[in-house]
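Undergrad: need the 3D shape of this:
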Amino acid sequence: MNHPVLKIILSVRKAIIFSLVLSFFINLLLLASPLYMLQVYDRVLSSRSLDTLFFLTIIVISAILCLCLLEAIRSAIAVKTGLWMDKKVSSLLLPSVVKISLQTKSELSGQGLRDMGTVRSFITGNSMFSLMDVPWMPLYLLVLYLLHPILGLLALGGALFIFMIAVVNELLTRKYQQNSNALVARAYGFSDSVSRNADVVEAMGMVPQIVSSWQKMNDESSNSQQRALGFTGWLGAVSRFIRLGLQVAILGMGALLAINGEISAGAIIAASILVGRALQPVEQSINSWRSATSAWDAYIRVKQQLLATPAYDDQMELPNPEGKLSIEGLSYAFPGSQQAYLKGISFRVGPGQLLAIMGPSGSGKTTLVRLLLGNLKPNSGFARLDGMDMSMWHSDDRGKHIGYLPQDVELFAGTVKENIARMANGVTDQIINASKMAGVHEMIMRLPQGYDTQIGSHGMSLSGGQRQRIGLARALYGEPKLLVLDEPNSSLDQQGEGALMNALKAVKEKNITTVVISHRPSVLEHADLVLLMQEGMVANFGPRDEVLKVQPASVSTPRNNAVPIGKSAKTAISYTIKK
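TA: Just a heads-up that it's a prediction; the model follows:
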């Protein structure tokens, strides 16, 4: 009962119950047409009364008008309910995708949102109405029974037979349908990864292999779907044969009963219409079963995704931090791994200080950054900002005080100013101030529409250096108390490098605590502290000058484990971490 999806479904139960009530009246009004035929044949033709025909016609037209109005209302309720549920659940899904991606180190995926779209389409489509009409089938069978018990029993036998076909269809196709849905989801994920790595695919001639791999997955999905649809098609044809054959049987039996004087001629026509109407929802439900099972499977995946989402306890909003960063015995192992990736890391950074983190590839620098940002939860130890555990601090509150520039900068579809303002409306003065601090204001003003330039998804219309500099402005927006930069100059030219150095100088003047991962010597000119890492542990930590004096600097070109750290006599030097 406490599951968010169940709460949302329960919140619309009144709309669902009301739709079922409307379905009852809709099916009741559908009796108007066969009853009209019955009265015309049995009363109007025999009595030749035009008044009776006139009033019967007015009554039936009024019933049909009410029927159409009720169907329109039911459809409007279904559409509104589906869209409302989609809005509510999607607002939970997108944050859950972010949280799960952080915890599992997986790529962001829109599968959950696609699944919710499947559920919404089912709720707002005709398949849902077919299922709503099935419970009222006994109403038609009752009227048939009242016309004559044999007609009612004959129709009941046909309905039970078609229902059995629906059950068989479910048993035969569910496994294939589930397998097909899983393969389709995998194919979507594969195509997403191909799109993200288009340069690699094209440059290394991987297109034929990629197409072959995708085709294999697509063929597996198509084969499963073909088997499911094959069963559904044959069973649908059988149920249609039964329904049409039953109508013929009803006509024949009705004629026999009429010859024997047990029913009237009008009852024959009415019975034929009624049996068709009674069996139509059942037959349609067979054809709609694939949509129903797909929607159910999609709902289960949505529910599982939300259940897997790490939850935050409600916490009151904390006062603005000063920027005191403390890492205490921090250890972390990736999910499924038995060995810790980071081990017992501890250090402190005071407000306004700049910490440079250095070390060879794979030493754990980026993972450490993700932990101190609160994006990952440590297995043991703490990462605190002014005493608050970052992993337990709600991101909506924490994010206001943090600026982050990742190694691979991703921008969002929208304008430059929206991206700098973190996709919020933003304050113009703060946007411009952040841009000037990042040294990107003049570059933005040279864009076609300046700050209102649409940069496209992933910043596709911008170069790597431009994305990185706009990403730096986004990190500086609102003058955060903690600024974290992961390889901020990896894509910068000489001009961008100079702008970055000016930005580092400016953040120190504004007393912003800064953490920078970089192998560039220029960064150390602004560093107060240096943290050297190797194999997930702290190799050395302390004031810059003291750390650089501890280990001798080797000359010239860095080796495999060499990390450039500064300049000596205008010559780049390197630092080899010693065990």
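Undergrad: which stretches of the stretch 301-450 of the chain form helices?
TA: 365-373, 395-398, 416-420, 428-437, 441-445 (DSSP state H, counting those that start in this stretch).
Undergrad: going by mean pLDDT, which of those comes out lowest?
TA: Lowest mean pLDDT of the helices of the stretch 301-450 of the chain: helix 395-398, a mean of 76.
Undergrad: my read is residue 492 is in a helix, agree?
TA: No: under DSSP: H, G, I helix; E, B strand; the rest coil, residue 492 sits outside any helix and is assigned coil.
Undergrad: return the most buried member of the helices of the stretch 301-450 of the chain.
TA: Scoring the helices of the stretch 301-450 of the chain by mean neighbour count under mean count of other C-beta atoms under 10 Å gives helix 416-420 as the most buried, with a mean of 24. All C-beta atoms are positioned from the backbone trio N, CA, C, and that covers glycine.
Undergrad: just checking, what packs against it?
TA: If you count contacts as 3 or more C-beta pairs under 8 Å, 6 or more residues apart in numbering; DSSP states H and E, helix 416-420 packs onto helix 428-437, helix 464-476.
Undergrad: reformat those as CSV; add distance to residue 292.
TA: Formatted as CSV, those follow (distance: least, C-beta to C-beta, whole Å):
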stretch, distance to residue 292
helix 428-437, 49
helix 464-476, 44
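Undergrad: next, the residue positioned nearest the centre of the chain: secondary structure please.
TA: Central residue of the chain (C-alpha atoms, centre = their mean): residue 113, 3.0 Å from the mean position. State at residue 113, reduced to three classes by three-state DSSP: helix.
Undergrad: which parts of the protein are strands?
TA: 325-332, 342-349, 354-358, 380-385, 388-389, 402-405, 482-486, 513-517, 529-534, 537-543, 554-555, 562-568, 571-576 (DSSP state E).
Undergrad: residue 206: which of the ones you listed is closest?
TA: strand 482-486 (28.1 Å; C-beta to C-beta).
Undergrad: hang on, the earlier thing: could the helices of the stretch 301-450 of the chain go into TSV alongside distance to residue 244?
TA: Formatted as TSV, those follow (distance: least, C-beta to C-beta, whole Å):
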stretch	distance to residue 244
helix 365-373	64
helix 395-398	60
helix 416-420	59
helix 428-437	68
helix 441-445	69
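Undergrad: and those helices: which comes nearest residue 15?
TA: helix 395-398 (30.4 Å).
Undergrad: low-confidence ranges in the stretch 101-250 of the chain?
TA: 101-111, 181, 185, 188-189, 192, 195-205 (pLDDT under 70).
Undergrad: same question, the stretch 351-500 of the chain
TA: 457-461.
Undergrad: quick one: the strands of the chain as CSV, columns for distance to residue 295 too.
TA: Formatted as CSV, the strands of the chain follow (distance: least, C-beta to C-beta, whole Å):
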stretch, distance to residue 295
strand 325-332, 39
strand 342-349, 43
strand 354-358, 48
strand 380-385, 42
strand 388-389, 40
strand 402-405, 38
strand 482-486, 41
strand 513-517, 46
strand 529-534, 49
strand 537-543, 50
strand 554-555, 64
strand 562-568, 54
strand 571-576, 59
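Undergrad: mind listing what the residue lying closest to residue 147 once chain neighbours are set aside touches?
TA: Nearest residue to residue 147 in three dimensions, chain neighbours excluded: residue 267, at 5.0 Å (C-beta to C-beta, 6 or more residues apart in numbering). By C-beta atoms under 8 Å, 6 or more residues apart in numbering, residue 267 lies in contact with 38, 42, 147, 148, 254, 257, 258.
Undergrad: end-to-end on stretch 476-489?
TA: Distance between the boundary residues of stretch 476-489 (C-alpha to C-alpha, to the nearest Å) amounts to 15 Å.
Undergrad: chain center to that stretch, what's the gap?
TA: 28 Å (C-alpha atoms, centre = their mean, to the nearest Å).
Undergrad: same thing with stretch 412-428?
TA: Using C-alpha atoms, centre = their mean, the offset of stretch 412-428 from its chain centre is 22 Å.
Undergrad: could you work out the end-to-end span of that stretch for me?
TA: Stretch 412-428 has an end-to-end distance of 19 Å (criterion: C-alpha to C-alpha).
Undergrad: no more questions from me, cheers.
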